[in-house]
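Visitor: Here's my sequence, what's the structure:
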Amino acid sequence: MKLSFGKSKLKSEKIILFVCVENAGRSQMAEAFFNESAPEGYRALSAGTKPVSQINPVVIDVMKQVGIDISNQKSKEITEDMMRNSFKTVNMGCMEKESCPTLFLPNVIDWNLEDPKDKPIEKVWEIRDEIDQRVKELVASLKTHQ
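Guide: Presented below is the predicted three-dimensional model:
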(Lines give C-alpha, C1' and ligand atoms only; values in the text may rest on other atoms or scores of the structure.)
Protein backbone atom coordinates (compact mmCIF):
# COMPACT_ATOMS: atom_id res chain seq x y z
CA MET A 1 0.00 0.00 0.00
CA LYS A 2 2.76 2.46 0.88
CA LEU A 3 4.59 1.81 -2.38
CA SER A 4 1.61 2.55 -4.60
CA PHE A 5 0.85 5.73 -2.64
CA GLY A 6 4.44 6.81 -3.05
CA LYS A 7 4.37 6.22 -6.77
CA SER A 8 1.10 8.06 -7.30
CA LYS A 9 2.36 10.97 -5.22
CA LEU A 10 5.52 11.18 -7.31
CA LYS A 11 3.54 11.28 -10.53
CA SER A 12 1.50 14.22 -9.28
CA GLU A 13 4.54 16.15 -8.08
CA LYS A 14 6.35 18.47 -10.43
CA ILE A 15 10.09 17.93 -10.14
CA ILE A 16 12.57 20.78 -10.37
CA LEU A 17 15.92 19.25 -11.27
CA PHE A 18 19.08 21.14 -10.26
CA VAL A 19 22.14 19.88 -12.11
CA CYS A 20 25.87 20.43 -12.12
CA VAL A 21 28.88 18.24 -12.76
CA GLU A 22 29.74 16.74 -9.34
CA ASN A 23 26.45 17.31 -7.47
CA ALA A 24 28.50 18.21 -4.41
CA GLY A 25 27.88 21.94 -3.92
CA ARG A 26 25.67 24.31 -5.92
CA SER A 27 22.98 21.84 -6.92
CA GLN A 28 22.83 20.38 -3.41
CA MET A 29 22.30 23.86 -1.93
CA ALA A 30 19.61 24.65 -4.50
CA GLU A 31 17.80 21.36 -3.83
CA ALA A 32 17.82 22.03 -0.08
CA PHE A 33 16.67 25.66 -0.39
CA PHE A 34 13.92 24.72 -2.84
CA ASN A 35 12.58 21.87 -0.70
CA GLU A 36 12.49 24.22 2.33
CA SER A 37 10.05 26.54 0.55
CA ALA A 38 8.61 24.46 -2.29
CA PRO A 39 5.12 25.40 -3.46
CA GLU A 40 2.53 22.68 -3.00
CA GLY A 41 2.94 19.99 -5.65
CA TYR A 42 6.63 20.68 -6.30
CA ARG A 43 9.80 18.97 -5.13
CA ALA A 44 13.46 19.39 -6.00
CA LEU A 45 16.07 16.83 -6.92
CA SER A 46 19.71 17.40 -7.73
CA ALA A 47 22.18 15.34 -9.73
CA GLY A 48 25.37 15.54 -11.76
CA THR A 49 27.23 13.85 -14.60
CA LYS A 50 30.28 12.99 -12.48
CA PRO A 51 29.04 12.46 -8.91
CA VAL A 52 31.67 12.38 -6.18
CA SER A 53 31.97 10.40 -2.97
CA GLN A 54 30.96 13.22 -0.62
CA ILE A 55 29.26 16.58 -0.46
CA ASN A 56 31.69 19.50 -0.18
CA PRO A 57 32.26 19.90 3.61
CA VAL A 58 32.42 23.71 3.34
CA VAL A 59 29.01 23.66 1.62
CA ILE A 60 27.63 21.50 4.45
CA ASP A 61 28.97 24.05 6.97
CA VAL A 62 27.56 27.14 5.23
CA MET A 63 24.15 25.48 4.91
CA LYS A 64 24.18 24.57 8.62
CA GLN A 65 24.81 28.26 9.31
CA VAL A 66 21.38 29.04 7.81
CA GLY A 67 19.68 26.16 9.62
CA ILE A 68 19.67 23.56 6.83
CA ASP A 69 21.44 20.24 7.38
CA ILE A 70 22.53 18.56 4.14
CA SER A 71 25.16 16.34 5.78
CA ASN A 72 23.18 13.18 4.94
CA GLN A 73 22.75 14.09 1.27
CA LYS A 74 24.53 11.97 -1.35
CA SER A 75 25.92 12.99 -4.70
CA LYS A 76 23.69 11.42 -7.39
CA GLU A 77 24.25 10.65 -11.05
CA ILE A 78 21.77 12.26 -13.42
CA THR A 79 19.57 9.74 -15.24
CA GLU A 80 17.44 9.92 -18.36
CA ASP A 81 14.35 9.41 -16.16
CA MET A 82 15.28 12.42 -14.03
CA MET A 83 15.64 14.59 -17.12
CA ARG A 84 12.51 13.26 -18.79
CA ASN A 85 10.35 13.57 -15.67
CA SER A 86 11.46 17.02 -14.55
CA PHE A 87 9.09 19.95 -14.91
CA LYS A 88 12.02 22.36 -15.09
CA THR A 89 15.76 21.80 -15.19
CA VAL A 90 18.17 24.34 -13.72
CA ASN A 91 21.80 24.19 -14.82
CA MET A 92 23.87 25.59 -11.96
CA GLY A 93 26.72 26.52 -14.30
CA CYS A 94 28.99 24.31 -16.34
CA MET A 95 32.64 25.08 -16.47
CA GLU A 96 33.47 21.81 -18.27
CA LYS A 97 31.52 21.80 -21.53
CA GLU A 98 32.35 18.16 -22.27
CA SER A 99 30.58 17.02 -19.12
CA CYS A 100 27.85 19.65 -18.93
CA PRO A 101 24.68 17.74 -18.05
CA THR A 102 22.24 20.05 -19.81
CA LEU A 103 23.82 20.78 -23.18
CA PHE A 104 21.19 18.80 -25.07
CA LEU A 105 18.09 19.49 -22.98
CA PRO A 106 15.33 21.88 -24.08
CA ASN A 107 13.93 24.58 -21.78
CA VAL A 108 16.86 24.72 -19.41
CA ILE A 109 17.27 27.61 -16.99
CA ASP A 110 20.99 28.44 -16.81
CA TRP A 111 22.13 30.19 -13.64
CA ASN A 112 25.84 30.15 -14.53
CA LEU A 113 27.00 30.18 -10.91
CA GLU A 114 30.58 29.84 -9.77
CA ASP A 115 31.55 26.43 -8.37
CA PRO A 116 32.27 26.57 -4.61
CA LYS A 117 34.85 23.78 -4.93
CA ASP A 118 38.21 24.81 -3.39
CA LYS A 119 36.93 28.33 -2.64
CA PRO A 120 37.39 30.14 0.69
CA ILE A 121 34.37 30.13 2.98
CA GLU A 122 33.66 33.82 2.30
CA LYS A 123 33.17 33.04 -1.41
CA VAL A 124 31.01 30.01 -0.58
CA TRP A 125 28.79 32.28 1.56
CA GLU A 126 28.31 34.54 -1.49
CA ILE A 127 27.48 31.57 -3.74
CA ARG A 128 25.05 30.17 -1.12
CA ASP A 129 23.29 33.51 -0.77
CA GLU A 130 23.02 33.90 -4.56
CA ILE A 131 21.50 30.40 -4.83
CA ASP A 132 19.07 31.20 -1.99
CA GLN A 133 17.94 34.38 -3.77
CA ARG A 134 17.51 32.66 -7.14
CA VAL A 135 15.58 29.78 -5.57
CA LYS A 136 13.25 32.28 -3.86
CA GLU A 137 12.64 33.96 -7.23
CA LEU A 138 11.98 30.58 -8.88
CA VAL A 139 9.54 29.57 -6.11
CA ALA A 140 7.72 32.92 -6.42
CA SER A 141 7.41 32.50 -10.22
CA LEU A 142 6.01 28.98 -9.80
CA LYS A 143 3.45 30.21 -7.27
CA THR A 144 2.21 32.92 -9.64
CA HIS A 145 1.78 30.38 -12.45
CA GLN A 146 -0.23 27.84 -10.44
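
Visitor: Check which helix or strand residue 73 maps to.
Guide: Assigned by DSSP states H and E, residue 73 belongs to neither a helix nor a strand.

Visitor: Show the low-confidence segments of this protein, by residue range.
Guide: 1-11, 94-107, 146 (pLDDT under 70).

Visitor: any idea which helix is longest in it?
Guide: helix 121-144 (DSSP state H).

Visitor: Give the other helices and strands that that one contacts.
Guide: The contact analysis (3 or more CB pairs under 8 Å, 6 or more residues apart in numbering; DSSP states H and E) places helix 121-144 against helix 26-37, helix 57-64. Placement of C-beta: from N, CA and C, glycine included.

Visitor: For the shortest one, name the packing helices and strands.
Guide: When you say that, I think you mean helix 57-64. helix 26-37, helix 121-144.

Visitor: Please spell out which residues along that helix are buried.
Guide: For helix 57-64, the neighbour count (16 or more other CB atoms under 10 Å) marks 58, 59, 60, 62, 63 as buried.

Visitor: okay, now residue 133: neighbour count?
Guide: Number of residues near residue 133 (other CB atoms under 10 Å) recorded here: 11.

Visitor: Using the three-state scheme, assign the nearest residue to residue 127 once chain neighbours are set aside.
Guide: Among residues not flanking residue 127 along the chain, residue 116 sits closest, at 4.9 Å (CB to CB, 6 or more residues apart in numbering). Three-state call for residue 116 (DSSP: H, G, I helix; E, B strand; the rest coil): coil.
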